[in-house]
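In: Dropping a prediction and its sequence here:
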Amino acid sequence: MQVAVINRSHHPLPAYQTEHAAGLDVRANLDAAVTLAPLERALIPTGLYLEIPPGYEAQVRPRSGLAYKHGIGIVNSPGTIDADYRGEVKVLLVNLSNEPFVVQDGERIAQLVFARHETVQWQQVAELSETGRGAGGYGSTGTR
Ligand SMILES: O=c1ccn([C@H]2C[C@H](O)[C@@H](COP(=O)(O)OP(=O)(O)OP(=O)(O)O)O2)c(=O)[nH]1
Ligand SMILES: [Mg+2]
């Protein structure tokens with residue numbers, strides 16, 4: 001699938017790191033490094049502007065390496081980039097560790113996964129169909 005992109009960053013476009021990777025690693029585009037104190041969050045710019053085809057979205061997902069090694073997550077994970085969004089793609093990082101974390105310019109901070117989505121029209125009804133599960137949830141089937 002082709003996606004129009006403007007790259008106003010001083011880094012290469014997000015790239016797949018392996019042949020069948022789902023995510024394109026995206027880099028922080030910073031004039032200066034950003035330090036995240038424990039539990040601090042920051043909106044990190046990427047310098048990227050997308051024109052996603054209608055019917056698709058881009059998900060902004062965390063990188064497991066940053067999560068495991070440094071406790072870095074994405075507050076609104078997975079972030080949603082709408083097809084009609086024309087602003088800069090940003091990544092809302094949070095430091096869930098006990099130590100400060102420095103986000104360096106050019107660091108691969110997240111990954112973009114492009115996905116199809118449906119657009120629904122509501123069909124309002126009085127009753128829903130019966131199922132074995134019914135309203136059971138939140139562990140209703142047990143834990144083991
Ligand atoms: O991680 C993210 C999430 C969102 N966005 C941009 C693209 C998206 O299309 C727009 C709006 O995001 P969302 O709908 O999640 O935020 P909202 O709080 O509902 O804001 P809005 O009222 O603008 O939709 O912000 C990002 O750049 N990064
Ligand atoms: Mg919204």
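Out: Structure's in. What do you need? Ligands and ions are numbered 1, 2, ... in the order given.
In: I'd like to know how many residues surround the closest residue to residue 24 other than its chain neighbours.
Out: Leaving aside its chain neighbours, residue 24 sits nearest to residue 14 (3.7 Å; criterion: C-beta to C-beta, 6 or more residues apart in numbering). Placement of C-beta: from N, CA and C, glycine included. By other C-beta atoms under 10 Å, the residues close to residue 14 number 22.
In: What of the one 10 residues further on?
Out: Taking other C-beta under 10 Å as the criterion, the count of residues near residue 24 is 18.
In: Could I get the contacting residues of it?
Out: By C-beta atoms under 8 Å, 6 or more residues apart in numbering, residue 24 lies in contact with 13, 14, 15, 16, 111, 112, 113.
In: Point me to the residue of this protein nearest ligand 1.
Out: residue 79 (2.3 Å; C-beta to the nearest ligand atom).
In: Okay, and the beta partners of that residue?
Out: In this structure, residue 79 bridges to residue 60 when assessed by DSSP bridges.
In: List the contacts of residue 133.
Out: By C-beta under 8 Å, 6+ apart, the contact list for residue 133 reads residue 140.
In: What strand or helix carries it?
Out: Under DSSP states H and E, no helix or strand contains residue 133.
In: Tell me how far it lies from residue 141.
Out: Counting by C-beta to C-beta, to the nearest Å, the separation of residue 133 from residue 141 is 8 Å.
In: Kind regards, and thank you for your time.
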